[in-house]
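[1] Can you look at this prediction? I've put the sequence above it.
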Amino acid sequence: MLYKMTDGTFFYHVPKTGGRAYKAFNCDKGNGNASSSLAAGDEKWDRCPHILGSPLTEHHIAKPNKNQRIRVIIRDPVDRFLSAYYFTKRCSVGGPHKTSPIIRQIKKWRHCPNWGSSPFEMVTKILNHTDDIDKLNFFHFNSQHKWHSDLKPKNVIYIDFKDLNFKERLGKAPRRAPLQSEHNLSQIVDAVKILYKKDYDYFQNISRLKSITDAWL
């Protein structure tokens, strides 16, 4: 899920961080709206270059080179888990990712089972099964850290998911209800902090991301 951009950088789409919406908008309006995003070397960016065509490989599994300058979106692990839950639940009864030959060809891809009627029930069952979400290898639920393992932080331009104004970019807001309205949110947060410990530890150790990670639940 690596896309080349016109300014010579690359955009790396990590599942459930808003990458499809980011690409769909295609940044062809001229100005991005991620004003607080942090670039490599602590420089700011205020323009979102065009993305050129389709991913670099046919099967969407290109990995970034550690020496490339990469743009990547990072998202609060709790918000991302809930997004993955509702997305896979919709796809379980149809949708583009259920039958996509591209997705199905990805090595070790596994569909997420129906583990409960709510995010709280699902996260509880996962936590009873493992304390490491990556061991289950559920594509959309894998930790961001796992996807970032091929990145060198000093070459990365981090984009805060909260800076992506989806209504302005796509003409509509996300379908899901606001994060704070989720039932059993505090228990979900506690479970996610265990399951996604790698994400919290990894991003909190990158000093220039402190303003972003401090705002995570």
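    Perfect, I can see it now.
[2] Enumerate every residue touching the nearest residue to Val123 once chain neighbours are set aside.
    In this structure, Val123 finds its nearest non-sequential neighbour in Ala191, 4.4 Å apart by Cβ to Cβ, 6 or more residues apart in numbering. For glycine as for every other residue, the C-beta is placed from the backbone atoms N, C-alpha and C. Contact criterion Cβ atoms under 8 Å, 6 or more residues apart in numbering gives 123-124, 126-127 as the residues in contact with Ala191.
[3] which residue ranges form the strands in this structure?
    Read by DSSP state E, the chain holds these strands, from start to end of the chain: 2-4, 10-12, 70-74, 156-160.
[4] among these, which gets the worst mean confidence?
    Confidence, taken as mean pLDDT, is least for strand 2-4 of the strands of the chain (a mean of 80).
[5] Parallel or antiparallel, which strands does it pair with?
    strand 10-12 (antiparallel) (DSSP bridges).
[6] and Lys89, what pLDDT?
    Among the per-residue scores, Lys89 shows a pLDDT of 78.
[7] quick one: it from Ile188, how far?
    As judged by Cβ to Cβ, to the nearest Å, Lys89 and Ile188 stand 15 Å apart.
[8] Same check on Asn65?
    Asn65 sits 36 Å away from Ile188 when distances are taken as Cβ to Cβ.
[9] just checking, what's the longest helix in the chain?
    Of all the elements of type helix in the chain, the one with the most residues (DSSP state H) is helix 77-91.
[10] what's it packed up against?
    Using 3 or more Cβ pairs under 8 Å, 6 or more residues apart in numbering; DSSP states H and E as the contact criterion, the neighbours of helix 77-91 among helices and strands are helix 96-99, helix 119-129, helix 185-195.
[11] one step back: who has more neighbours, Asn65 and Ile188?
    Neighbour totals were compared for Asn65 and Ile188, and Ile188 leads with 23 against 13 (other Cβ atoms under 10 Å).
[12] hang on, that one packs against Phe120?
    Yes: in terms of Cβ atoms under 8 Å, Ile188 counts as a neighbour of Phe120; the distance is 5.6 Å.
[13] now the helices and strands packed on helix 77-91 in TSV, with distance to His145 and mean pLDDT?
    Converted to TSV, the helices and strands packed on helix 77-91 look like this (distance: least, Cβ to Cβ, whole Å; pLDDT from 0 to 100):
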stretch	distance to His145	mean pLDDT
helix 96-99	22	50
helix 119-129	17	91
helix 185-195	12	96
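[14] now those in TSV, with distance to Thr17?
    What follows is the helices and strands packed on helix 77-91, written out as TSV (distance: least, Cβ to Cβ, whole Å):
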stretch	distance to Thr17
helix 96-99	15
helix 119-129	18
helix 185-195	15
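[15] So for Ile212, which of these sits nearest?
    Taking Cβ to Cβ as the measure, the helices and strands packed on helix 77-91 were each checked against Ile212, and helix 185-195 came out nearest at 16.3 Å.
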